[in-house]
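> Below are the sequence and a predicted model; questions follow.
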Amino acid sequence: MQLKNMIISGANNLENNKGPINALNVFPVPDGDTGTNMSLTMQSAVREIRSVRDNEAHTVAEAAANGSLMGARGNSGVILSQIWRGFSKALKNQNSVDSKVLAYALMEGSNTAYKAIMKPTEGTILTVIRETGEHAVRICGNFDDAVLFMEEIISKANAVLQKTPEMLPVLKNAGVVDAGGKGLICIFEGMYQGLKTGKLLELKQAAEIEQGEKEDKPVFKAEEITFGYCTEFFIKGKQVELEKCRDEISEFGDSLVIAGDENLIKVHIHTNNPGKVLELALTYGELSRIKIDNMREQHRELLFEEKEYKAAEETAEEAPKPVERYGAIAVAMGDGISDIFRDLGASEIIEGGQTMNPSTEDILKSVNNVNAETVFIFPNNSNIILAASQAKTLAEKNVVVVTTKTIPQGISALMALDYDKDIEENTKKINKAIASVKSGLLTYAVRNSNYDGINIEEGNILGMVEGKIKGVGKDIKEVSHKVLEEMIDEESSLISIYYGSDVTENEAQKLAEEIGEFYNDCEIELHFGGQPLYYYILSVE
C-alpha cells in the first residue's frame, strides 16, 4: 500500500465532505463544527506528511501522528490525533502495510484514543473505530487483496455508524448519526480511493464544498451548556504523569481529552474556569497555543437566521476592530520557521532572509496591517535591520525594531515579549533573551575560496557561528560538532535544531540523536524549519 497517498486522499475526502458532517454536529456543546475541526486536524497531518521525503510506512504514520497532534482542533480533532498516534505505534517497525498490519494499526488507534479520554462515550467516533478495528483484526487473515479489505472495513464502519443513534439519545432525537464517526468514514473512503486508483483523490473547488454547508441545524438553548468555555492548550514538560494531570484537570469541567506523551501534552476541556485550569497546568510545564472559546456565544451565533447572520457579519466588518496593545512582525523563510513565529504570536510574517531581503515598503505594508498601538519588528537578519528602521520612520504608529540578527534570536526575543509589560520593561526582557542565545548555521560553499587561512572548496559543508565560519568539511555530522563546540559552554542546557527543506526528517532525527548522545547534559529539540539554503539552523541556550 502507498500509505502517503492513502492518508492524503483521506484528508482530501474529509475536506470535500466537511459541510454535511458539520450539519450533523447537533450536540448542545458547540465547540466548533466537527467536520471543520477534523479536516483542519488532518490538513495539519498532511503538511507534516508532505515534509517527509521517503514513503516508508512507519515514517509516514509518525508524521501523521505528529502533525495531527500539533494541529488538533476541538474534541473530535484531538481524538482523531490519538487514533493516528496509535496507528503510528503499530507501524513503528513497518516499511509497508498489508491487511494484517492495517488491521492491528486500527485496533491500536482505538486503544490509544480510549486511553486519552477521561470518560469515553459510546455512540461516537470511539465506537466506530473500536468496533471497526476489532472486526478488522478478526477477518484480516482472509484478505490478500488490500482493496477488498478496505471495502470490508468501510462496510463495517458504516454499519456501526448507523447504530450510534441507539447509543446516544441526542442523536436519535435529532434523527442523525454521529458526526465524528462520519468524518472517520470519510477518511477511510478517501484512503480506499487512493489505494484503488493509485492516485491522489483531488480536492473539490470551494464552491462545490459550500453546497453541503447550507443544511439547517437542530436548535438547542445556550443555557443547556453546563461548562461555557472550550479551553485548549499544549503543556511542554519533563516526565509529566499523564494520569495525575488528567485527574487534577478533570475536576474543572467535562469533555476532557488529554493526549500526547510525558514531554508534550495536548489538553482539551470544557470549563467555567479557564484561568484556574491554566494555573494548574503551569505546575506541569510551559504552556503554548492557548485557545479559549466562549461556547455560549458561539451557540447564539449558530441560531441566527441566515439573513440575520449575514447582516450581523456585514455590521461586524464595518465596525472597527479593537486595537491591541502590541503586535509583532517577523521576517522568516521556510514553512516550519514561519509557523513557529505564528505560534508565538506574530501577527504578520514577511517572507525573506539572507538572499531575499524585504523592502522598506514590504515592511511598512505589514506594519499597517497590524491592528496594534505598538508594533515590534523582528528582522532576524542583519541585512534587514536597516529597512526595518526605515519603515519605522515612515510608519504612522509606534514601531520598535528589535535588532535580531538570526532566527534563534528572533524566536527567543518573541517568546520574551510580554503583553502585560510596558515597552521599556519588554525591551529589557527581549535584549536579555537575545543575549542568552547563540546561533549557528550549516550550509554549503558555492565556490572555491579562502577564509581566514582556511581553504574552502565548492560543495564543502560550512559551519557558521554568529556569522563567522567555524567549521569546514565534507561530513555534516563532523561540521555540526565543530560548530557546537564553539557554541556550548558550562551553562548551556538546550540545543534546538531546525532542519531545512533539503533535509529529510530521518536525517534530521539521526543527527539530533547523535548530538544528544554527545551532549547528554543538554536537552535536544528538533523542529521542521523548511528553510532553503541552510541544512540546519542551530540554537544553544
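Received it, and whenever you're ready, just let me know what you need. Given the structure is predicted, the values throughout are model-derived calculations rather than measurements. Numbers count the residues shown, from 1 in each chain.
> wait, is residue 19 part of a helix?
Yes: Residue 19 forms part of a helix when assessed by DSSP: H, G, I helix; E, B strand; the rest coil.
> I'd say it and residue 34 touch.
No: using Cβ atoms under 8 Å, residue 19 is not in contact with residue 34, being 11.3 Å away. For every residue, glycine as well, the C-beta is placed using N, CA and C.
> In terms of neighbours, single out the busier of these two.
residue 34 (30 against 19; other Cβ atoms under 10 Å).
> Quick check: chain neighbours aside, which residue is closest to that one?
Nearest non-adjacent residue to residue 34, counting by Cβ to Cβ, 6 or more residues apart in numbering: residue 179, 3.8 Å away.
> how near is the one you found to residue 165?
In this view, residue 179 and residue 165 are 12 Å apart by Cβ to Cβ, to the nearest Å.
> which of the two has more neighbours?
More crowded of residue 179 and residue 165, by other Cβ under 10 Å: residue 179, with 27 against 18.
> Tell me how far the more buried one lies from residue 151.
23 Å.
> in whichever strand or helix holds residue 61, what counts as buried?
Assigned by DSSP states H and E, residue 61 falls within helix 57-71. Within helix 57-71, the residues that count as buried by 16 or more other Cβ atoms under 10 Å are 57-71.
> same check, this time on stretch 428-439
429, 430, 433, 434, 437, 438, 439.
> Off-centre distance for stretch 240-251?
23 Å (Cα atoms, centre = their mean, to the nearest Å).
> I meant stretch 476-496, not that one.
28 Å.
> likewise stretch 165-174?
With Cα atoms, centre = their mean, you get 33 Å for stretch 165-174.
> Stretch 164-174 too?
Distance, centroid of stretch 164-174 to centroid of chain: 33 Å (Cα atoms, centre = their mean).
> What pLDDT is listed against the residue of the chain most remote from its centre?
For the chain, the residue at maximal distance from the C-alpha centroid (Cα atoms, centre = their mean) is residue 453, at 44.9 Å. Note for residue 453: predicted pLDDT of 77.
> could you check the distance from it over to residue 487?
For residue 453 relative to residue 487 (Cβ to Cβ), the value is 21 Å.
> Domain parsing of the chain, as residue ranges.
Split into domains by automatic domain parsing, the chain comes to 3-217, 223-318, 324-435, 439-540.
> Lowest mean pLDDT across those domains, which one is that?
domain 223-318 has the lowest average pLDDT among the domains of the chain, namely a mean of 75.
> Return the distance of the closest residue to residue 128 other than its chain neighbours relative to residue 274.
Among residues not flanking residue 128 along the chain, residue 181 sits closest, at 3.8 Å (Cβ to Cβ, 6+ apart). Separation of residue 181 from residue 274 (Cβ to Cβ) stands at 29 Å.
> neighbour count winner among those two?
residue 181 (29 against 24).
> So the more buried one sits against residue 132, correct?
No: if you go by Cβ under 8 Å, residue 181 and residue 132 don't touch, sitting 9.4 Å apart.
> what's the overlap in contacts for these two?
157, 160 (Cβ atoms under 8 Å, 6 or more residues apart in numbering).
> Specify the local secondary structure of residue 123.
Going by three-state DSSP: residue 123 is coil.
> Wait, it touches residue 177, no?
No: Residue 123 lies out of contact with residue 177 (Cβ under 8 Å); the separation is 9.2 Å.
> what do these two both touch?
164, 165, 171.
> Helix, strand or coil: sort out the second one for me.
Of the three states, residue 165 takes helix according to three-state DSSP.
> so it touches residue 124, yeah?
No: checked against Cβ under 8 Å, the pair residue 165 and residue 124 is beyond contact range at 11.6 Å.
> and the spatially closest residue to residue 521 that is not a sequence neighbour, how many neighbours?
Of all residues not flanking residue 521 in the chain, residue 493 sits nearest, at 7.6 Å (Cβ to Cβ, 6+ apart). Applying other Cβ under 10 Å, we find 11 other residues in the vicinity of residue 493.
> do the one 4 residues further on as well
Residue crowding around residue 497 was assessed by other Cβ under 10 Å; the count is 23.
> Tell me which helix or strand it sits in.
Short version, using DSSP H and E: residue 497 is in strand 494-499.
> Could you list the buried residues of the very next helix or strand once past that strand?
Next along the chain after strand 494-499, taking DSSP H and E as the criterion, comes helix 505-518. Neighbour counts using 16+ other Cβ under 10 Å place 505, 507, 508, 511, 512, 515 of helix 505-518 among the buried residues.
> ok, the fourth one - contacts?
The contact partners of residue 511, taken as Cβ under 8 Å, 6+ apart, are 476, 477, 480, 497, 536.
> Leaving out the residues flanking it, which one is nearest to the first one?
In this case it means residue 476. Once flanking residues are discounted, residue 476 sits nearest to residue 461: 5.3 Å by Cβ to Cβ, 6+ apart.
> quick one: the one you found and residue 469 touch, right?
No: the criterion here is Cβ under 8 Å, and residue 461 misses it with residue 469 at 10.8 Å.
> Mind jotting down where the strands sit in the stretch 201-350 of the chain?
Remark: strands assigned in the stretch 201-350 of the chain by DSSP state E, counting those that start in this stretch are 229-236, 253-260, 264-271, 286-294, 324-332, 348-351.
> Show me the contact partners of the last one.
Here strand 348-351 makes contact (Cβ under 8 Å, 6+ apart) with 327-333, 338, 341-342, 358, 362-363, 366, 369-370.
> Which of those sits closest to residue 444?
Using Cβ to Cβ, the shortest approach to residue 444 within the contacts of strand 348-351 belongs to residue 333, at 16.3 Å.
> How many neighbouring residues does residue 468 have?
So residue 468, with other Cβ under 10 Å, has 10 neighbours.
> quick one, phi psi at it?
Dihedral pair for residue 468: phi -120, psi 140, per degrees, to the nearest 10.
> Check the one 5 residues further on too.
Main-chain dihedrals, residue 473, degrees, to the nearest 10: phi -180, psi -170.
> Could you verify my assumption that it touches residue 479?
Yes: the pair residue 473 / residue 479 is scored as a contact, 4.7 Å apart, by Cβ under 8 Å.
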